[in-house]
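K.L.:
Structure, please.
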Amino acid sequence: MQSSCMLSSAAGSTAALCRSFSTGGQRPIFVAATKQHVGKTTTSLALMAGLQKRFPKVGFIKPVGQQHVTVHSETLGKEIRVDKDICLLKEQFHLDHIDYRHMSPVIIPRGYTKDYIEGKISHEEQLKDIEHAYEKVSEASDVVLMEGTGHCAVGSVVGVNNAQVAGMLGASMILIANGGLGSAFDELELNRVLCEKYNVPIAGVVINKVIPSKYDQTKHYMSKAF
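P.N.:
This next block holds a predicted model:
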C-alpha cells in the first residue's frame, strides 16, 4: 500500500490544508498535478470532506474538462455534458446548492482543438464561460474548490491552461506529484514556474503514492528542498 506526504505552510495533513484556507476568506482552491493519474480527484475528495466540516456550503468546479458524461441541468431543464469527475463530487457530497451547468463550463471533446485553432471557437467566450460559472458557484458557496486537468500547462493549445485559469480566478494552487525525490521535485518545479508566470501562489504540495518504508525519508528531504 502507498501513502501521501503533504507539504504546506500549515504542513502535515489534509485537515491542516483545510484549516489554512478557513482563515483566508473566499479565495478559491485549485488542485492541479505534475501529470495525469497522480491523484488529483482523490485529493479533491479529501479536501472537500475537510472543507465541508468547516463551511456550510462548499462549491466545486472543473473549469476545463475532457472526459464527459451527460447529466440533467435543473436550471436549464435539459441534458448537458459535464466532466465525469463533476458527477462524483456532486453526488458524493450532495452539492445541491449548485447546478451542473456551472460546474463544468468548458469541455474539450474530440475535434475541439482543431476547431479552436481554425477560429471556430472564441478564446474570449471560453474565458467568459469560466468566469461566469465561477461567479455563480461562488455566490452560492462559502468557499470554492476547483480541480484542473493534468499538469498546469494542459489546455495551453486552446488558451485555457490550469495555471492561467487559476490566476484569472484568484485561486491558490495545491500541486500533486508522484512519490520520489529528484523526479518529483523537477516536475513540481516545471509547474511552479508556470504558476509564477500567472501569479498563482502555491498553497501546498502533495507527494502521492509514497512507498510506506520511504515516507519519513521523502517527507524529510522534500521539506528541506522546499
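
K.L.:
what pairs with the residue nearest the centre of the chain across the strands?
P.N.:
The centroid of the chain falls nearest to residue 147 when counting by CA atoms, centre = their mean (2.1 Å). Taking DSSP bridges as the rule, residue 147 bridges to residue 31.

K.L.:
Test my guess that it contacts residue 84.
P.N.:
No. Counting by CB atoms under 8 Å, no contact exists between residue 147 and residue 84, whose distance comes to 11.5 Å. (Each C-beta comes from the backbone N, C-alpha and C, glycine too.)

K.L.:
Relative to the whole chain's centre, how far out is stretch 57-76?
P.N.:
Taking CA atoms, centre = their mean, to the nearest Å, one finds stretch 57-76 lying 14 Å from the centre of the chain it belongs to.

K.L.:
mind listing what's buried in that stretch?
P.N.:
Across stretch 57-76, burial judged by 16 or more other CB atoms under 10 Å covers 57, 58, 59, 60, 61, 62, 63, 64, 65, 66, 68, 71.

K.L.:
quick one, what contacts the first one?
P.N.:
Right, the one you point to is residue 57. Contacts for residue 57 were tallied using CB atoms under 8 Å, 6 or more residues apart in numbering; they are 97, 140, 141, 142.

K.L.:
how near is residue 177 to residue 41?
P.N.:
15 Å (CB to CB, to the nearest Å).

K.L.:
Those two: who's more crowded?
P.N.:
Counted by other CB atoms under 10 Å, residue 177 and residue 41 do not tie: residue 177 has more neighbours, with 25 against 17.

K.L.:
Now do the SS call for that one.
P.N.:
Secondary structure assignment for residue 177 (DSSP: H, G, I helix; E, B strand; the rest coil): strand.

K.L.:
quick one, what contacts it?
P.N.:
Neighbour list for residue 177: 33, 34, 38, 184, 187, 188, 205, 206, 207, 208 [criterion: CB under 8 Å, 6+ apart].

K.L.:
those strands in the chain, which residues are they?
P.N.:
Shown for the chain, the strands assigned by DSSP state E span residues 3-8, 29-33, 58-61, 64-65, 68-73, 78-83, 106-107, 143-151, 172-178, 202-210.

K.L.:
Cool, thanks, talk later.
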